[in-house]
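**Student:** Take this sequence and fold it.
(chains A and B)
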Amino acid sequence: MSFLIGENMIGGYGSANILNDCTISVKKGEIAVVVGPNGAGKSTAMKAIFGMVNLKEGQIKIDGENVTKLAPQERVLKGMGFVPQSNNVFTTMTVEENLEMGGYIRRDDLDETISQVYELFPVLKEKRFQPAGELSGGQRQQVAVGRALMTNPRVLMLDEPTAGVSPIVMDELFDKVIEIAETGVAILMVEQNARQALEIADKGFVLVQGENKYTDTGKALLENDDVRKAFLGG
Amino acid sequence: MTDFLNSVTLLTNYIVVPGLTYGSQLALGALGITMIYAVLRFSNFAHGELMSFGAMSTILVTWVLQSYGIKLGFLPTALLAIPFAALITVFYCLLTNSLIYEYYREKKIDPTTYLIISVGMLFFTAGLIRFIIGPGDQKFNDGTRFILKARDFKEMTGLNEGLAIKTTQGITVVVTILLVAILFWFLNKTRTGKSMRAYSDNEDLALLSGISPKRVVMITWVITGILATVAGALYGLDKSYKPFTYMYLVLPVFASAILGGVGNPLGAIVGGYVIAFSELIFTFAYKKVFTYMLPEHLAPKGLVQLLSTDYKIAVSFVILVIVLLIKPTGIFSGKTI
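**Tutor:** Purely as a prediction, here's the structure:
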């Protein structure tokens, strides 16, 4: 049974639908990657699952519980963590304050979770008192992921975490993503760097025009000739 | 040496002491504007009237306290009245917020419309104030007038020039320091303060983190109400209260906020003092200073005044124009608290 599932999602921003019957799911401890050409509705699908895009049809379930009607903040309380693609840190606030704000809805002590995040991203501990806006792109992404981890999410959703970072930093980030998944967190990720992302994916979804075109394990998709030709550049 | 000390005393008496006082009043006013801008993203033109409202409330509460015979010894009774007046002003702010501003915030109206609404609030509040307390001059300063009298200073030091420090001037500076310290502590150390900064920094991400905009906006109005009351009351105490003066006061207050970088609290404070000191430095008659410092035959005949004091407000305007031309974001590149 999938831990998080967005089933038969139909919807978009205005009257035109961007998602046309699209289904995305992920199990605990798994990494699911959504790939596809520009304008395929990858990010929209992610936002729909998090409740930032209204769905006309379909439903979102976490651990069997229907959360389709809940606001994003309420979904955070249900165990969802979301890292937006851009503007995903508080630039004028320090790294540590960013993490504190990530755990804003928690009323208990945050220290333990903060030190866990520092363990995962040691560089953030060094820069804890620096404004997040002064960090490099890769470090910023780490702050963004750390911020989302502050609520101890059971499913972490990343919208193009490697956009605009160097290949080395991308590898590092993917390593961290694997590490997070190994702690039992379900990971759902939208990626432009399709090939590299599918390499670490347990499951891949290829979206085209808001529909599931191919769904398979990451490895199988990489070996699929049609997928390779059409989406991975041969 | 005596000549040097005389001219230093002269400058301290006419520029440093009034500059610190007026600067503190401007800084507190500019802080209110900056807080609203940082969170609600509009320039609150009604802020001057809000300060006036706070000062009026202070006067009314002072009268009540005085009628019960309550006094603060050598300090003005108004000091005791300010907390109660702040409560009244905060209530007024929250009322206007829930009746007017909140409606438009939920509709996600653009900042220009907000600005026009604040102009409307300016006229409404101004009318309300004249309706309640009238347009006349109100003196509500009691207690001892001076901390240091000019004559005492002369006797103490044997200098020609005197240095006078009014009680209200001392109070203004001390209260400003206290209030600013509390504000910065609140913004940087408390969970609520940080959530305000987060909201000001990145509204969408703040929403994702579960920060309630409604709550942030309400707290902003509470802080603004307190700042406006203290700024307005201190200005009134220092200069006597006339409702129409606040209409003009809002101009240097805005200049201060913009000069420092609107949205940046530190900028508001620096801006307040820069504007206050420039106004005084450009309009002070330096004749006496030069008479002390220069040999007799070089002593100036005129007043050596760059601008007549009538042009005080023009100084802040010129600074404002220069800032907007050269560095529109202000000294501290404001936008967020």
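**Student:** In chain A, which residue sits nearest chain B?
**Tutor:** Of the residues in chain A, the one nearest chain B is residue A:105, at a distance of 3.5 Å by CB to the nearest CB. For glycine as for every other residue, the C-beta is placed from the backbone atoms N, C-alpha and C.
**Student:** Just the pLDDT for that residue.
**Tutor:** At residue A:105, the pLDDT value in this model is 88.
**Student:** Likewise for residue A:234?
**Tutor:** Residue-level pLDDT assigned to residue A:234 equals 63.
**Student:** now the strands for chain B?
**Tutor:** Listed from the start of the chain, chain B has strands (DSSP state E) covering B:146-148, B:165-166.
**Student:** Where among the ones you listed is average confidence lowest?
**Tutor:** Taking the mean pLDDT of each of the strands of chain B, the lowest value is held by strand B:146-148, a mean of 88.
**Student:** Give me the buried stretch members for the helix or strand of chain A with the lowest mean pLDDT, please.
**Tutor:** Between all helices and strands in chain A, the lowest mean by mean pLDDT, DSSP states H and E belongs to helix A:225-231, at a mean of 83. Of the residues in helix A:225-231, those scored as buried under the neighbour-count criterion (16 or more other CB atoms under 10 Å in any protein chain shown) are A:227, A:230-231.
**Student:** same question, stretch B:110-122
**Tutor:** Burial within stretch B:110-122, assessed by neighbour count using 16+ other CB under 10 Å, is assigned to B:114, B:117-118, B:121-122.
**Student:** how about the one residue in chain B that gets nearest to chain A, phi and psi?
**Tutor:** Nearest to chain A, among the residues of chain B, is residue B:210, at 3.5 Å (CB to the nearest CB). In this entry, residue B:210 is assigned phi and psi values of phi 90, psi 20 (degrees, to the nearest 10).
**Student:** Which pLDDT value does the model give it?
**Tutor:** Per-residue confidence (pLDDT) for residue B:210: 86.
**Student:** Count the neighbours of the closest residue to it other than its chain neighbours for me.
**Tutor:** Once flanking residues are discounted, residue B:210 sits nearest to residue A:105: 3.5 Å by CB to CB, 6 or more residues apart in numbering or on different chains. Around residue A:105 sit 16 other residues, with neighbours defined as other CB atoms under 10 Å in any protein chain shown.
**Student:** Tell me who's in contact with residue A:105.
**Tutor:** By CB atoms under 8 Å, 6 or more residues apart in numbering or on different chains, residue A:105 lies in contact with A:73, A:76-77, A:151, B:209-210.
**Student:** Before we go further, residue A:68 is sitting in a strand, right?
**Tutor:** No. Counting by DSSP: H, G, I helix; E, B strand; the rest coil, residue A:68 falls outside a strand, being coil.
**Student:** gap between it and residue A:186?
**Tutor:** Between residue A:68 and residue A:186 the computed distance is 18 Å (CB to CB, to the nearest Å).
**Student:** Likewise for residue B:226?
**Tutor:** When residue B:226 is compared with residue A:186 (using CB to CB), they lie 46 Å apart.
**Student:** do residue A:59 as well
**Tutor:** 17 Å.
**Student:** what do you get for residue B:138?
**Tutor:** With distances taken as CB to CB, residue B:138 is found 67 Å from residue A:186.
**Student:** contacting residues around the most centrally placed residue in chain A?
**Tutor:** Nearest to the centroid of the C-alpha atoms of chain A, with distances taken as CA atoms, centre = their mean, sits residue A:158, at 1.8 Å. When contacts are counted by CB under 8 Å, 6+ apart, residue A:158 touches A:83, A:145, A:177, A:187-190.
**Student:** let's go with 10 Å and repeat that
**Tutor:** Taking CB atoms under 10 Å, 6 or more residues apart in numbering or on different chains as the contact definition, residue A:158 lies against A:31, A:33, A:46, A:81-85, A:88, A:141, A:144-145, A:148, A:173, A:177, A:180, A:187-191, A:197.
**Student:** Quick check: strands, which of those residues are part of them?
**Tutor:** For these, secondary structure assignment (DSSP E) places A:31, A:33, A:81-83, A:187-190 in strands.
**Student:** Would you reformat those residues as JSON lines and include neighbour count?
**Tutor:** JSON lines is the format used below for those (neighbours: other CB atoms under 10 Å in any protein chain shown):
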{"residue": "A:31", "neighbour count": "27"}
{"residue": "A:33", "neighbour count": "28"}
{"residue": "A:81", "neighbour count": "25"}
{"residue": "A:82", "neighbour count": "26"}
{"residue": "A:83", "neighbour count": "24"}
{"residue": "A:187", "neighbour count": "25"}
{"residue": "A:188", "neighbour count": "28"}
{"residue": "A:189", "neighbour count": "26"}
{"residue": "A:190", "neighbour count": "27"}
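**Student:** Have a look at residue A:59 and residue A:186 and say which one is more surrounded.
**Tutor:** Taking residue A:59 and residue A:186 together and counting by other CB under 10 Å, residue A:186 has the greater number of neighbours (27 against 14).
**Student:** quick one: the strands in chain A?
**Tutor:** For chain A, applying DSSP E gives strands covering A:4-11, A:19-26, A:31-35, A:55-62, A:65-66, A:80-83, A:155-159, A:186-190, A:203-208, A:211-216.
**Student:** need the longest helix for chain A.
**Tutor:** Longest helix of chain A, by residue count under DSSP state H: helix A:167-182.
**Student:** give the contact list for the nearest residue to residue B:154 once chain neighbours are set aside.
**Tutor:** Beyond its immediate neighbours in the sequence, the residue positioned closest to residue B:154 (CB to CB, 6+ apart) is residue B:162, lying 4.8 Å away. If a contact means CB under 10 Å, 6+ apart, then residue B:162 has B:9-10, B:13, B:148-156 as its contacts.
**Student:** Only the buried subset of these, as a ChimeraX command please.
**Tutor:** Selection of the buried residues among these in ChimeraX, burial being defined by 16+ other CB under 10 Å:
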select /B:9,10,13,148,149,153
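**Student:** just the contacts of residue B:162 now: which is nearest residue B:320?
**Tutor:** Compare each of the contacts of residue B:162 with residue B:320 using CB to CB and the shortest gap goes to residue B:13, at 28.0 Å.
**Student:** Skipping adjacent residues, who's closest to the closest one in space?
**Tutor:** Closest residue in space to residue B:13, ignoring its immediate chain neighbours: residue B:163 at 4.9 Å, by CB to CB, 6+ apart.
**Student:** Count the neighbours of the one you found for me.
**Tutor:** Under the criterion other CB under 10 Å, the count of neighbours that residue B:163 has is 21.
**Student:** Likewise for residue B:172?
**Tutor:** As a burial measure, the neighbour count of residue B:172 was computed by other CB under 10 Å and equals 25.
**Student:** so where is chain A shaky, pLDDT-wise?
**Tutor:** Counting by pLDDT under 70, chain A has low-confidence residues at A:1, A:234.
**Student:** Show me what residue A:157 bridges to in the sheet.
**Tutor:** On the basis of DSSP bridges, residue A:157 takes part in beta bridges with residue A:82, residue A:188.
**Student:** how close does it get to residue A:8?
**Tutor:** Residue A:157 sits 19 Å away from residue A:8, going by CB to CB.
**Student:** Look at these two and report which has more neighbours.
**Tutor:** Residue environment comparison for residue A:157 versus residue A:8 gives the larger neighbour count to residue A:157, 25 against 14, counting by other CB under 10 Å.
**Student:** what sits against residue 187?
**Tutor:** Because you didn't say which chain, this covers chain A. Neighbouring residues of residue A:187 by CB under 10 Å, 6+ apart: A:4, A:26, A:28-33, A:81, A:153, A:155-158, A:177-178, A:180-181, A:200-202.
**Student:** To clarify, I was referring to chain B.
**Tutor:** Counting by CB under 10 Å, 6+ apart, residue B:187 makes contact with B:35, B:38, B:193-194, B:196-197, B:200, B:223, B:265, B:337.
**Student:** what residues does stretch B:119-128 touch?
**Tutor:** Everything outside stretch B:119-128 that qualifies as a contact, by CB under 10 Å, 6+ apart, is B:43-50, B:52-53, B:56, B:92, B:96, B:100-101, B:118, B:135, B:243-244, B:246-247, B:250.
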